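K.L.:
everything below, folded, please.
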Amino acid sequence: MIRLSLIGIGTGNPEHVTLAAVRALNEADLILLPRKGEAKSDLVDLRRLLCRNLLNDSSRTRVVEFDLPQRDARADYLGAVDDWHGAIARVWAGLMESHLPEGGRVGMLIWGDPSLYDSSLRIAERVAEVELQVEIVPGITSLQVLTAEHRIPLNALAEPVQITTGRRLRERGWPDDVASVAVMLDSGGAFEALPPEGLYIWWGAYLGMDKQSLLDGWLADMAASILARRAALREQHGWIMDVYLLARRDAGPDGNHIDNAGE
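P.N.:
The predicted structure is shown next:
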C-alpha cells in the first residue's frame, strides 16, 4: 500500500507553507519532484529549497526528481490532456514501485492547492499499478494571494464569484448572473474577448515569488498594459504564471471605480 500525500505549497512564498504541509513532508519516505524543463526551472528550484529547509532528517526521506512527460499540443485539447495524464500516472507508478516496493508514504509538492485547477488528484486516480491511499494537504491558492496583495475581497457584497479558465472565457464570454469572474490558466489576453465597459481588473503574475508583478484598473485602460507587461515578463523569465479577477463596477463622478466592500 502506498499512502500518497498531495501537499499544497502555495504560490512561491516559503512562508505560505502550512504546518500540516511540513508534517506531511517529514512523514514521507519518498518525495517526488517533477522537472518541467529548463524554462520552468524556478518551479523545481523552489521545491528543492522547501525540502532542504523543512525536512528534519534528509537521510531518512529520499527526494527523487523526474522529468514530467510533455503534453501533445494538438487541437483536441481534452484528448491530449487525457493522454498526458495517463502518461504521468504511469511514470508515478513506476517510481513508486521502484523506490518503495514494499509500500510506504510518498509526498508530492503541489503548486497552490491540489483542489483548484490542478490535475494531481485526477492523475492519482489513473494509477492502476499500485494500490494508493490519497491524502490531501490544502495550500494557499493564487486567488488568495492575488486578493491579499491587491487588498480586495474576492466577492462583491452578497454576490457570487465564478472561477474559470482563459479558454472558457474566450469560448463562452461573461457568465450569467455573476458579478465577479476569477480567471486562471489563461494563455494570454482572454479578457480581450469581453466588452470592456464597466469591467475592472486586478491582475498578478508570479504571485508570492520575489518577481511578483501586479496591475489593476479599468479593463478598457489596462488591457494593453497587462499584455505588454505579461509579454515582457515571459521574455525575461522564460515562463509566465498569472491570474486575474474581473468585476463589474460602477464608476464614480471622478471616473474611479466604486469598490463595494465584500462580506
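
K.L.:
and the strands in the stretch 151-263 of the chain, which stretches?
P.N.:
161-165, 180-184, 199-205, 213-218, 242-248 (DSSP state E, counting those that start in this stretch).

K.L.:
now the stretch 1-150 of the chain
P.N.:
2-8, 30-35, 62-67, 104-110, 132-137.

K.L.:
out of those strands, which gets nearest to residue 148?
P.N.:
Proximity to residue 148 (Cβ to Cβ) singles out strand 2-8 among the strands of the stretch 1-150 of the chain, at 16.0 Å. For the C-beta atoms, the positions are set from N, CA and C on the backbone; glycine is no exception.

K.L.:
helices or strands next to the closest one in the packing?
P.N.:
helix 19-27, strand 104-110, helix 120-126, strand 132-137 (3 or more Cβ pairs under 8 Å, 6 or more residues apart in numbering; DSSP states H and E).

K.L.:
identify the residue nearest the geometric centre of the chain.
P.N.:
For the chain, residue 112 is the residue whose C-alpha lies nearest the centre (Cα atoms, centre = their mean; 4.9 Å).

K.L.:
that residue pairs with what?
P.N.:
Note on residue 112: beta-bridge partners by DSSP bridges are residue 10.

K.L.:
re the thing from before, in TSV, list the strands of the stretch 1-150 of the chain along with mean pLDDT, mean neighbour count and distance to residue 172.
P.N.:
What follows is the strands of the stretch 1-150 of the chain, written out as TSV (pLDDT from 0 to 100; neighbours: other Cβ atoms under 10 Å; distance: least, Cβ to Cβ, whole Å):
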stretch	mean pLDDT	mean neighbour count	distance to residue 172
strand 2-8	97	24	28
strand 30-35	94	20	31
strand 62-67	94	13	35
strand 104-110	96	23	28
strand 132-137	96	17	29
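
K.L.:
could you dump those into JSON lines with distance to residue 166 added?
P.N.:
Output for these, formatted as JSON lines (distance: least, Cβ to Cβ, whole Å):
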{"stretch": "strand 2-8", "distance to residue 166": "22"}
{"stretch": "strand 30-35", "distance to residue 166": "23"}
{"stretch": "strand 62-67", "distance to residue 166": "26"}
{"stretch": "strand 104-110", "distance to residue 166": "21"}
{"stretch": "strand 132-137", "distance to residue 166": "26"}
